[in-house]
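Visitor: what would the 3D arrangement of this be:
(one chain, ligands or ions: 1)
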Amino acid sequence: MALVSEKHVAAHHRFQRLHARDETPTMSSWAKKKGAKQECKDYSLPSSAKLQKIYPHGNKIANIVDGDNEAQSLWKEIQSSGIIPSQVKVKKGTEDHMGVKNDGYDADSDPDCWWSASGCTKPKAKGLSKDIYECPEPHTWGLTFDDGPNCGHNEFYDYLKDNQLKATLFYIGANVRDYPLQAQRGLADGHDICLHTWSHHYMTTLSDEQVFAELYYSMRIVKDVLGITTRCWRPPFGDVDDRVRAIASGLGLRTIIWDRDTDDWDIKPDGNSPTQKIDSNYQKIIDLSSQGKVNDKGVVVLTHEINSHTMQEFMKMFPKVKKAYKNVVPLTACMNVTTPYVEEDIQYPVFKDFISGKVQPKGLPDMDSYEIAVASKLKITKESDQNTPGGFSASSPQAASTSEDSQPKDSQPKDSQPNESKPDDNKQNSSESEPKDESSPPKNASERLRVASSLMLALAASVGVVLWW
Ligand SMILES: [Zn+2]
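Guide: Numbers count the residues shown, from 1 in each chain. Here you go, the predicted structure:
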């Protein structure tokens, strides 16, 4: 079964409590382990049982957990604030919410600013910030990895460290709960942490409350485990509209997309694309440099730490990236974001400092002595009340195009599912739908599922209906 990876092995044993015969592991002790077999072993921390209990079960779509009054009252507050646009309807999802259907939506007028349909990044509903999707710095590769923390990422994180690389990491909430030490390593290494929902489903297909719960519990588990309150998130598959943006915004979260896609999630053997195909996707982004297409501004590239093959692929391609691009930086540096978290004593380097070699943020909590909290109370400032929404300037990206309102019709993403049963003639090559001009927002809803869970095993076994239009 193609989707099985080392992550599932650990996930399968999630509920088996380990006996505390070994000393409690720490971030540093775990970071020394080599190989997924060791790294993905289940472990128990003093907080583990409690965290399993108070968070949404498994990797299923999150709802507000029974008896969670804190979440309830925050949710009521957001609901009554009037920020959620009532005219934006919930999109029709496939049964498993791993796909979404067009269902007669008018992508041309695109009233909901639905990225999956139109590539829209400039909300039409009032009071919402524009999405971040590009890196304003010329000759710069904005480095982002989705779907972590992967339990077996030490070799990859070592590589990033050895190469002085920092990335913006979009962590899945359920993964942070299941692999807290691996998540701690991401922060301790100086990466910039954003959210990627609790369970990695198509967000526009979920109810208002589910959207809230998917984001809220991801935010809270990150605060519990890492001690930081994030202010940014990336929708799985890029699937966001103004309703979902609004709920995120009520939680103080800025929406981040991308403008270049490697489609690495689909790499064989876990996916369907031969390595050469993914190599060539990378190469096309690398070649933008010699083609003079990053002279005015850089790119935000979508890559994944979803499995060992996507991580290996990056390590293989990075020397070429480095040769072609002057700078490879996290989005904090791209956008000169110094305080990405609510905890403003943690400061990230601005672009100028980053490229001069000062790559490590200051003021990070010491992860080895950090005591994991349980159900932290979040300090939430809705995005519209933040001086710098999500840490980004209100108008960023500064290099934003003037063409955002008039997207080409062909910008609709055509490829949409990682479904093995999908007929080949429906499969579109993501790189074919790359933006035609530099100022276009991202187009391709090609980010795909595969979450670290046994849920995926079930999915792989019962491949369902899916969408593409
Ligand atoms: Zn993802």
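
Visitor: got the residues of this protein near the ion?
Guide: Residues of the chain found near the ion (C-beta under 5 Å from the ion) are 146, 147, 236. In this view, the C-beta of every residue, glycine as well, is placed from N, C-alpha and C.

Visitor: could you report the pLDDT at the second one?
Guide: This means residue 147. Looking at residue 147, its pLDDT is 98.

Visitor: just the buried residues of stretch 120-138, please?
Guide: For stretch 120-138, the neighbour count (16 or more other C-beta atoms under 10 Å) marks 120-121, 123-125, 127-137 as buried.

Visitor: for the ion, what's the nearest residue on the stretch 151-300 of the chain?
Guide: Minimum separation of the stretch 151-300 of the chain from the ion (C-beta to the ion) falls at residue 236, amounting to 4.5 Å.

Visitor: how close does that residue get to residue 80?
Guide: Distance, residue 236 to residue 80, using C-beta to C-beta, to the nearest Å: 28 Å.

Visitor: same question for residue 44.
Guide: 41 Å.

Visitor: pick out whichever of these two has more residues nearby.
Guide: Neighbour count, other C-beta atoms under 10 Å: between residue 44 and residue 80, residue 44 has more, with 15 against 9.

Visitor: leaving out sequence neighbours, find the closest residue to the residue in the stretch 251-400 of the chain that the ion sits nearest to.
Guide: Proximity of the stretch 251-400 of the chain to the ion (C-beta to the ion) peaks at residue 304, 6.8 Å away. Once flanking residues are discounted, residue 304 sits nearest to residue 310: 4.4 Å by C-beta to C-beta, 6 or more residues apart in numbering.

Visitor: that neighbour is in what secondary structure piece?
Guide: helix 308-324 (DSSP states H and E).

Visitor: what is the burial count for residue 320?
Guide: With other C-beta under 10 Å as criterion, residue 320 counts 14.

Visitor: and what of residue 50?
Guide: 15.

Visitor: which ones are touching it?
Guide: residue 374 (C-beta atoms under 8 Å, 6 or more residues apart in numbering).

Visitor: circling back: for the residues of the chain next to the ion, which one is nearest residue 230?
Guide: Using C-beta to C-beta, residue 146 comes nearest to residue 230 of the residues of the chain next to the ion, at 14.2 Å.

Visitor: doesn't that closest one belong to a helix?
Guide: No. Counting by DSSP: H, G, I helix; E, B strand; the rest coil, residue 146 is not part of a helix but strand.

Visitor: identify the bridge partners of the residue lying closest to it once chain neighbours are set aside.
Guide: In this structure, residue 146 finds its nearest non-sequential neighbour in residue 170, 4.4 Å apart by C-beta to C-beta, 6+ apart. Assessed by DSSP bridges, residue 170 has beta-bridge partners residue 146, residue 194.

Visitor: pretty sure residue 170 is touching residue 234, no?
Guide: Yes. The pair residue 170 / residue 234 is scored as a contact, 4.5 Å apart, by C-beta atoms under 8 Å.

Visitor: now the residues of the chain next to the ion as a markdown table including neighbour count?
Guide: Shown next, in a markdown table, are the residues of the chain next to the ion (neighbours: other C-beta atoms under 10 Å):
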| residue | neighbour count |
| --- | --- |
| 146 | 25 |
| 147 | 27 |
| 236 | 25 |
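
Visitor: so which bits of stretch 326-346 are buried?
Guide: Using 16+ other C-beta under 10 Å as the test for burial, stretch 326-346 gives 327-343, 346.

Visitor: among these, which ones are in strands?
Guide: Among those, the ones falling in strands (DSSP state E) are 327, 328, 329.

Visitor: the first one reaches residue 137, doesn't it?
Guide: Yes. Here residue 327 reaches residue 137: they are 6.6 Å apart, a contact under C-beta under 8 Å.

Visitor: spit out the residues that contact the two alike.
Guide: The contact sets of residue 327 and residue 137 overlap at 298, 333, 351 (C-beta under 8 Å, 6+ apart).

Visitor: just the helices in the stretch 251-400 of the chain please.
Guide: 275-290, 308-324, 331-334, 351-355 (DSSP state H, counting those that start in this stretch).

Visitor: list of residues touching stretch 348-356?
Guide: 137, 166, 192, 326-327, 329-330, 332-334, 336-340, 358-361.

Visitor: also stretch 68-81?
Guide: 54, 64-65, 84, 208-209, 212-213, 216-217, 247, 250-251, 375, 377-378, 380, 382.

Visitor: list only buried entries from those residues.
Guide: Applying 16+ other C-beta under 10 Å to the contacts of stretch 68-81 flags 54, 64-65, 84, 208-209, 212-213, 216-217, 247, 250-251, 375, 378, 380, 382 as buried.

Visitor: nearest residue to the middle of this protein?
Guide: The centre of the chain sits closest to residue 170, judged by C-alpha atoms, centre = their mean, with a distance of 3.3 Å.

Visitor: the longest helix in this structure is where?
Guide: helix 208-226 (DSSP state H).

Visitor: report the contact partners of residue 209.
Guide: 63, 64, 75.

Visitor: ok, now with 10 Å
Guide: Applying C-beta atoms under 10 Å, 6 or more residues apart in numbering, we find residue 209 in contact with 62, 63, 64, 71, 72, 75, 79, 216, 247.

Visitor: among the residues you listed, which one sits closest to the ion?
Guide: Checking the contacts of residue 209 against the ion with C-beta to the ion, the nearest one is residue 62 at 15.5 Å.

Visitor: wait, doesn't that closest one sit right on residue 215?
Guide: Yes. The criterion here is C-beta atoms under 10 Å, and residue 62 meets it with residue 215 at 8.7 Å.

Visitor: tell me, what's touching the two both at once?
Guide: Residues touching both residue 62 and residue 215 (C-beta under 10 Å, 6+ apart) are 173, 197, 198.

Visitor: looking at those residues, which are in helices?
Guide: residue 173.

Visitor: any chance of TSV for the shared contacts of residue 62 and residue 215, columns distance to residue 33?
Guide: Compiled in TSV, those are given as follows (distance: C-beta to C-beta, whole Å):
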residue	distance to residue 33
173	23
197	27
198	26
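
Visitor: filter the shared contacts of residue 62 and residue 215 down to the buried ones, ChimeraX style.
Guide: Per 16+ other C-beta under 10 Å, the buried members of those correspond to this ChimeraX selection:
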select :173,197,198
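
Visitor: what residue ranges in the protein are flagged as low confidence?
Guide: Along the chain, segments meeting pLDDT under 70 span 1-22, 394-469.

Visitor: so which residues of the stretch 1-150 of the chain form strands?
Guide: 140-148 (DSSP state E, counting those that start in this stretch).

Visitor: returning to that earlier point: so the residue nearest to residue 304 sits right up against residue 264, yeah?
Guide: Yes. Using C-beta under 10 Å, residue 310 is in contact with residue 264, at 4.5 Å.
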